[in-house]
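Trainee: Predicted model, plus sequence, below.
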There are 2 protein chains.
Amino acid sequence: MATRDLVEIDERRLLRRLDDLAQRGALAQGGIYRPLYSSAWSSAMELVTSWMKEAGLLVRRDAVGNVWGRIEGSRGGRVIATGSHIDTVRGGGALDGALGVVAGIEAVSSLWRRFGRSTRILECLAICEEEGSRFDTNFWGARAIADRLEPGEVDRVRDSDGITLAAAMRAVGLDPGTAATAVRRDLDVFIELHIEQGPVLEDHGPRVGIVTTIAGTAHLEITVRGQPDHAGAMAMDRRRDAFLGASAMSLAIADAATQMGHPAVATVGTIALEPSQVNVVPGLARFTVDTRHPDPARRSELITQIGDVSRKIASERNLGVEIRTLRDRPPVALSPRVADVLRRAAVAAGVEPREMTSGAGHDAQVLAAAASVGMLFVPSIGGRSHCPEEATAAEDVVLGTRVLATALRDLAYQP
Amino acid sequence: MATRDLVEIDERRLLRRLDDLAQRGALAQGGIYRPLYSSAWSSAMELVTSWMKEAGLLVRRDAVGNVWGRIEGSRGGRVIATGSHIDTVRGGGALDGALGVVAGIEAVSSLWRRFGRSTRILECLAICEEEGSRFDTNFWGARAIADRLEPGEVDRVRDSDGITLAAAMRAVGLDPGTAATAVRRDLDVFIELHIEQGPVLEDHGPRVGIVTTIAGTAHLEITVRGQPDHAGAMAMDRRRDAFLGASAMSLAIADAATQMGHPAVATVGTIALEPSQVNVVPGLARFTVDTRHPDPARRSELITQIGDVSRKIASERNLGVEIRTLRDRPPVALSPRVADVLRRAAVAAGVEPREMTSGAGHDAQVLAAAASVGMLFVPSIGGRSHCPEEATAAEDVVLGTRVLATALRDLAYQP
């Protein structure tokens, strides 16, 4: 089969299924919430399982609830897989994760229908959890596959109602004691189609991106210590206002990322003040910084700059400052070999794809420990995601799925 | 009696009583908390009641729990009174309110012991509540005296445990249905001795201040609306970050007050972000501004500037902004006649007092509706208050109390 032949898919079914899946966990106030092992999650997993079965795939739920649909390759060997996650953030959109799940099923189903049995084993995958929006378990599904579960995690981690991960697993018929058996040591390639969640493809084109690197995320916690004082009686020039210090730091931190240039980012997403009273000068401010860059050296430079500007401002304002690292995930480089397959598939669809980095984290970065991994991006309208407005043009959804199907054919149907 | 004669007081008893009162509601972690109608509050009220009785004053608890100790003046007529509040903020210090209560009892007791019956009726007063630290009832005690209670207030207002003000009153033997009978229509003069709670007297001297005006307090709530976005995927230059807008506004608001010069103040004491997640660009920030100035025109100018800089920054950053007034209390001018009596008493103690404004609110500003009111300030070490470090030099406590006693003599013992 020549790589220039584009694989056709059932466009209308693809788009209808995305709409159907978006009903599972839809909130009255708009947006979607499908937390891990919830009834909305179970309902979504039942739906995608039914689609895999309808296509005639061999369907299996693993020990953590990931669902796999398989074409047994005639030559066996290591597996070609595709997919994404079924869970969502609270109030999320219809495509983050869902696109890669539905498109993966569509691509594998189309290949099976049109070309029959593959030479390589080919699997589509609905990953149980990526977002960490119910439990603090980011990448739970992909970590189980990649043998990255933590000892005792199922009993230690609880949701906001105090329910353990283990209890939540039992409630959907899973045995937490067997979670580690979800590991896959037979993966060769994993490809994930995902929305970009940023504005680059929309602003600059083309309609397909190939991810070379997933940015490393550092989460810092910065604590600024000043002095609480009476808001009426303490003169302005005698104050040591922790919040004004935190404000100046936050502006300087954002400036540092902006000055470094795209794709550097730094975000202050949370802040807490003490004593947090209308009529008291804040004596303490504690805020978080999420900062990312795909280049390890630039990322280190950015973290250093964040510390430097924070300490400089603290010193100028006679404030104390402490910086703590909450999380430090290095950047992950994806497979050039798989990127090359994806590029040829895009070209077959008439698009010279953009090589780009991902600022967002993805299952792909965890599965890179277990397989050669590639990622396809399609544009996000307005760069929006994790919100009800999350959207991608139907023609881009279809294009991305065709490119995915074409790449899977090129990998799994070689004679 | 010549006004140049300074009235002597019992220094050691005064200081010991301040220490004793500071034990009532003392917290294990440091600081004091005497919320209205609590057991710590009752214990403190019993203690000051015992001191009034020990001095031979006529003691009476009114319908909201204010405690009055009285010398029946030989000529009757309208009353000369002094005092302050017994309650404290959470984790407050030993002097805010307490100084005026203990010094008032000491001054009236010393006058009674040395000079016997006054010509005018003279009363010392422990006011039940000023801080609003249990119920949202700021100035509850003084408002009852000044006929400023709100209809239904006792049943509407609840503490953080859901207990109504009425239920809390009943628990200490008060009848909430009679609260309005605490009104006093027979007051002539009220004098409050209080710590400054700011650094002016410490920095510039002298050791006694006389308050001419209590600053008007405005509380504004500013809501900044941007767009929530993925902290990893949304490019810096495409963001509409509500928190960065709020940070820039907070710095500009503080600058506006600093530029206007002392005693203008503006404080951002609380802020809340939405969605308040480490990895999401804040789409909304809501913060409060407490701003004060004793001059009504300058105060209006400051409020206008706060609105102007907030709207300008919102516009520059493509953010929405809404400004809501939560509270707007105008400045209160105190009595020049009483200030003159206080000034002469200070001069008798060898101090030419500073005329100054109060940035903090005080019972005096409410009682100004019911009496001619004067206020004395003594220095706060480091300008600190509402914290365990709140302190005043013993010699300044003694000096302030002597000046108070002298002024009361000049008012109440005229032949």
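Mentor: Yes, it's here.
Trainee: So which bits of the stretch 251-400 of chain A are right by chain B?
Mentor: Residues of the stretch 251-400 of chain A lying close to chain B (CB under 8 Å from any CB of the partner chain) are A:251, A:254, A:257-258, A:262-271, A:273, A:275-282, A:288, A:290, A:292, A:326, A:358-361, A:380, A:383-387. Heads up, the C-betas are built off the backbone N, CA and C, glycines and all.
Trainee: what's the domain layout of chain A?
Mentor: What automatic domain parsing lists as the domains of chain A is A:11-214+A:331-412, A:216-328.
Trainee: would you turn those into a markdown table with distance to B:G152, mean neighbour count and mean pLDDT?
Mentor: Formatted as a markdown table, those follow (distance: least, CB to CB, whole Å; neighbours: other CB atoms under 10 Å in any protein chain shown; pLDDT from 0 to 100):
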| stretch | distance to B:G152 | mean neighbour count | mean pLDDT |
| --- | --- | --- | --- |
| domain A:11-214+A:331-412 | 34 | 21 | 97 |
| domain A:216-328 | 24 | 21 | 96 |
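Trainee: contacting residues around A:H85?
Mentor: A:G97, A:G100, A:V101, A:A126, A:I127, A:C128, A:E129, A:E130, A:E131, A:G141, A:A142, A:D363 (CB atoms under 8 Å, 6 or more residues apart in numbering or on different chains).
Trainee: Narrow these to those in helices?
Mentor: Counted as lying in helices by DSSP state H, out of the contacts of A:H85, are A:G100, A:V101, A:G141, A:A142, A:D363.
Trainee: who touches the third one in this structure?
Mentor: By CB under 8 Å, 6+ apart, the residues touching A:G141 are A:V64, A:G65, A:N66, A:H85, A:I127, A:C128, A:E129, A:E130, A:D363.
Trainee: now these in TSV, with distance to A:L15?
Mentor: Supplementary listing: these in TSV, determined by distance: CB to CB, whole Å:
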residue	distance to A:L15
A:V64	30
A:G65	26
A:N66	25
A:H85	20
A:I127	22
A:C128	24
A:E129	25
A:E130	23
A:D363	23
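Trainee: tell me which of the contacts of A:H85 is nearest to A:G226?
Mentor: For the contacts of A:H85, the residue nearest A:G226 by CB to CB is A:E131; the value is 35.6 Å.
Trainee: isn't the closest one right next to A:V89, touching?
Mentor: Yes - using CB atoms under 8 Å, A:E131 makes contact with A:V89 at a distance of 5.0 Å.
Trainee: where do the strands sit along the stretch 151-300 of chain A?
Mentor: A:187-195, A:209-214, A:216-225, A:229-230, A:265-274, A:280-281, A:284-293 (DSSP state E, counting those that start in this stretch).
Trainee: Reformat those as JSON lines; add distance to A:L201.
Mentor: Formatted as JSON lines, the strands of the stretch 151-300 of chain A follow (distance: least, CB to CB, whole Å):
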{"stretch": "strand A:187-195", "distance to A:L201": "9"}
{"stretch": "strand A:209-214", "distance to A:L201": "5"}
{"stretch": "strand A:216-225", "distance to A:L201": "21"}
{"stretch": "strand A:229-230", "distance to A:L201": "50"}
{"stretch": "strand A:265-274", "distance to A:L201": "17"}
{"stretch": "strand A:280-281", "distance to A:L201": "46"}
{"stretch": "strand A:284-293", "distance to A:L201": "18"}
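Trainee: right, and these - which one's nearest A:R238?
Mentor: Closest to A:R238 of the strands of the stretch 151-300 of chain A, according to CB to CB: strand A:229-230, at 7.9 Å.
Trainee: just to revisit the earlier point, as a markdown table, the domains of chain A with distance to B:A146 would be great.
Mentor: What follows is the domains of chain A, written out as a markdown table (distance: least, CB to CB, whole Å):
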| stretch | distance to B:A146 |
| --- | --- |
| domain A:11-214+A:331-412 | 46 |
| domain A:216-328 | 20 |
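Trainee: Farthest pair within the ones in helices among the contacts of A:H85?
Mentor: The most distant members of these, if one measures by CB to CB, are A:V101 and A:A142, lying 13.1 Å apart.
Trainee: what is in contact with these two at once?
Mentor: Joint contacts of A:V101 and A:A142 (CB under 8 Å, 6+ apart) are A:H85, A:I127.
Trainee: Mind exporting the C-alpha coordinates of stretch A:280-300 to PDB?
Mentor: Presented in PDB, the C-alpha positions along stretch A:280-300 are these (Å, rounded to 0.1, in the frame of the first residue of the first chain):
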ATOM      1  CA  VAL A 280      -6.300  43.900  57.600                       C
ATOM      2  CA  VAL A 281      -3.100  44.300  55.500                       C
ATOM      3  CA  PRO A 282      -2.200  40.800  54.300                       C
ATOM      4  CA  GLY A 283       0.700  39.400  56.400                       C
ATOM      5  CA  LEU A 284       1.100  36.300  54.200                       C
ATOM      6  CA  ALA A 285       0.500  35.400  50.500                       C
ATOM      7  CA  ARG A 286       0.900  32.000  49.100                       C
ATOM      8  CA  PHE A 287       0.600  31.400  45.400                       C
ATOM      9  CA  THR A 288       1.300  28.700  42.800                       C
ATOM     10  CA  VAL A 289       3.200  29.000  39.500                       C
ATOM     11  CA  ASP A 290       2.800  26.500  36.700                       C
ATOM     12  CA  THR A 291       5.600  27.000  34.300                       C
ATOM     13  CA  ARG A 292       6.500  25.000  31.200                       C
ATOM     14  CA  HIS A 293       8.900  24.800  28.300                       C
ATOM     15  CA  PRO A 294       9.700  21.900  25.900                       C
ATOM     16  CA  ASP A 295      13.500  22.700  25.900                       C
ATOM     17  CA  PRO A 296      15.000  21.400  29.200                       C
ATOM     18  CA  ALA A 297      17.700  24.200  29.200                       C
ATOM     19  CA  ARG A 298      15.200  27.000  28.600                       C
ATOM     20  CA  ARG A 299      12.800  25.500  31.200                       C
ATOM     21  CA  SER A 300      15.600  25.600  33.800                       C
END
